[in-house]
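Peer 1: Kindly generate the corresponding structure for this input.
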Amino acid sequence: MRSLCISTGCSFTDHDFFNHTYGIDNPSGFKWWDQHLAEHAGLKLINCAKSGDGPINHLTRTLQAIAKYGEDIELITIGMSSWSRFMFPYMHGLTKNNPPHFLGRGKPGMYAWNELRKEYPEEIYKATVKTAFTCMYAIQQAAKANGIKLFVFQLLHPVNTVQDFGLADNSRPPGYITGLLNFEKSKTKRKLDVIYATYKIIEEYSLMEKIEDDEQFWGAPFIPLAGGIYVWDKMHMKEKDGIDPVSLELARDGFTLDYNEKSRKNNANKQCIDAITGEERDRTGEPDRHPNKDGQRYIFEKIRDGYDNLYK
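Peer 2: Below you'll find the predicted structure:
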């Protein structure tokens with residue numbers, strides 16, 4: 001009898017996050033979004049998420065779970081991470097690269113990615129989107145072939161680090177990586193460029209339609225400027241939900257990314273490239289923007305109706 005719920009995603013879903021980052025147990029009463037969903041579905045949860053994962057990792061972990069648990073799986077649920085994340089040089093590569101926040105020195109593949117993004121921004125954007133949808137399609141077909149229910153949603157903004165096709169003004173350095181807030185308030189032409197490029201991809205890449213037409217992929221095509229939805233949308237929290245995003249973050253509870261000695265060892269290379277200035281800086285003491293227990297509950301409540309419409 002099928003009784004398992006398999007979940008995967010990034011650090012927003014990784015149950016080992018607090019141990020890996022801070023060297024502590026999960027805070028008392030802390031419950032992850034996938035725990036809420038598994039309880040709601042009446043299933044036993046097996047969490048396969050790992051911090052820093054991207055679409056390629058979501059695919060590989062999903063396939064590994066199917067190979068291991070097979071006919072015991074009732075549901076696979078995935079909180080998709082940012083699509084710019086990649087493994088280098090192969091699907092099971094040596095390094096996990098997370099643009100732009102962990103652009104650490106000495107990480108193979110990262111600088112090559114950033115140079116290509118500056119020289120060929122539209123091509124990198126298309127490659128990012130196509131790779132993500134290829135992974136989703138493979139997950140869709142693997143679940144279908146094994147008679148497994150699927151519920152996938154975009155948890156983080158999918159493309160905010162690769163959708164900038166030009167400089168907003170001359171004061172920004174070449175290769176400036178725009179954040180979501182900067183982008184959404186930027187010039188209309190740049191927005192239209194991204195919308196046009198996105199629909200060109202949809203037109204050229206037929207398997208994207210297979211995802212858009214599948215209600216198991218809640219919020220598809222996920223890219224906001226193309227009419228998609230993602231969950232951890234701070235602008236939406238403020239303007240639509242009337243929620244201060246900080247109230248849903250670990251920053252409110254005083255967590256910082258270099259909290260104790262174990263964290264400093266895990267993050268030995270503290271130099272990174274600042275997403276705003278493009279300059280190297282020290283990562284010590286950054287407020288932790290991951291969801292607290294209220295944030296995890298918020299994620300579940302955002303997706304619950306989508307799940308219920310399919311399976312309840």
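Peer 1: Which strands or helices does the longest helix along the chain pack on?
Peer 2: Counting residues, the longest helix in the chain under DSSP state H turns out to be helix 121-145. Secondary-structure packing of helix 121-145 (3 or more C-beta pairs under 8 Å, 6 or more residues apart in numbering; DSSP states H and E): helix 55-69, strand 73-80, helix 110-119, strand 149-154, helix 188-204, helix 207-212. The C-beta positions use only the backbone N, C-alpha and C, and glycine is treated the same way.
Peer 1: Which among those is found nearest to Asp34?
Peer 2: Asp34 sits nearest to strand 73-80 of all the helices and strands packed on helix 121-145, at 6.2 Å, using C-beta to C-beta.
Peer 1: Report the strands that pair with that closest one, each with its relative direction.
Peer 2: Note on strand 73-80: by DSSP bridges, its sheet partners are strand 4-9 (parallel), strand 149-154 (parallel).
Peer 1: which parts of the next helix or strand after it are buried?
Peer 2: Where DSSP states H and E defines the elements, the next helix or strand beyond strand 73-80 is strand 86-88. Buried residues in strand 86-88, defined by neighbour count with 16 or more other C-beta atoms under 10 Å: Phe86, Met87.
Peer 1: Adjacent strands (with direction) for strand 86-88?
Peer 2: Take DSSP bridges as the rule and strand 86-88 pairs in its sheet with strand 95-97 (antiparallel).
Peer 1: Put the alpha carbons of stretch 111-130 into PDB.
Peer 2: Presented in PDB, the C-alpha positions along stretch 111-130 are these (Å, rounded to 0.1, in the frame of the first residue of the first chain):
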ATOM      1  CA  TYR A 111      33.200  32.600 -12.800                       C
ATOM      2  CA  ALA A 112      32.700  31.000 -16.200                       C
ATOM      3  CA  TRP A 113      29.000  31.200 -15.600                       C
ATOM      4  CA  ASN A 114      29.100  34.900 -14.600                       C
ATOM      5  CA  GLU A 115      31.300  35.800 -17.600                       C
ATOM      6  CA  LEU A 116      28.900  34.000 -20.000                       C
ATOM      7  CA  ARG A 117      26.000  35.800 -18.300                       C
ATOM      8  CA  LYS A 118      27.600  39.100 -19.000                       C
ATOM      9  CA  GLU A 119      28.500  38.300 -22.600                       C
ATOM     10  CA  TYR A 120      25.400  36.300 -23.600                       C
ATOM     11  CA  PRO A 121      22.600  37.300 -21.200                       C
ATOM     12  CA  GLU A 122      19.700  36.200 -23.300                       C
ATOM     13  CA  GLU A 123      21.300  32.900 -24.200                       C
ATOM     14  CA  ILE A 124      22.000  32.200 -20.500                       C
ATOM     15  CA  TYR A 125      18.500  33.100 -19.600                       C
ATOM     16  CA  LYS A 126      17.100  30.700 -22.200                       C
ATOM     17  CA  ALA A 127      19.400  28.000 -21.100                       C
ATOM     18  CA  THR A 128      18.400  28.400 -17.500                       C
ATOM     19  CA  VAL A 129      14.700  28.300 -18.300                       C
ATOM     20  CA  LYS A 130      15.000  25.300 -20.700                       C
END
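Peer 1: For it, list every residue counted as buried.
Peer 2: Within stretch 111-130, the residues that count as buried by 16+ other C-beta under 10 Å are Trp113, Asn114, Arg117, Pro121, Ile124, Tyr125, Lys126, Ala127, Thr128, Val129, Lys130.
Peer 1: circling back: minimum distance to Ala65: which of the strands paired with strand 73-80 has it?
Peer 2: Closest approach to Ala65 among the strands paired with strand 73-80 is made by strand 4-9 (4.5 Å; C-beta to C-beta).
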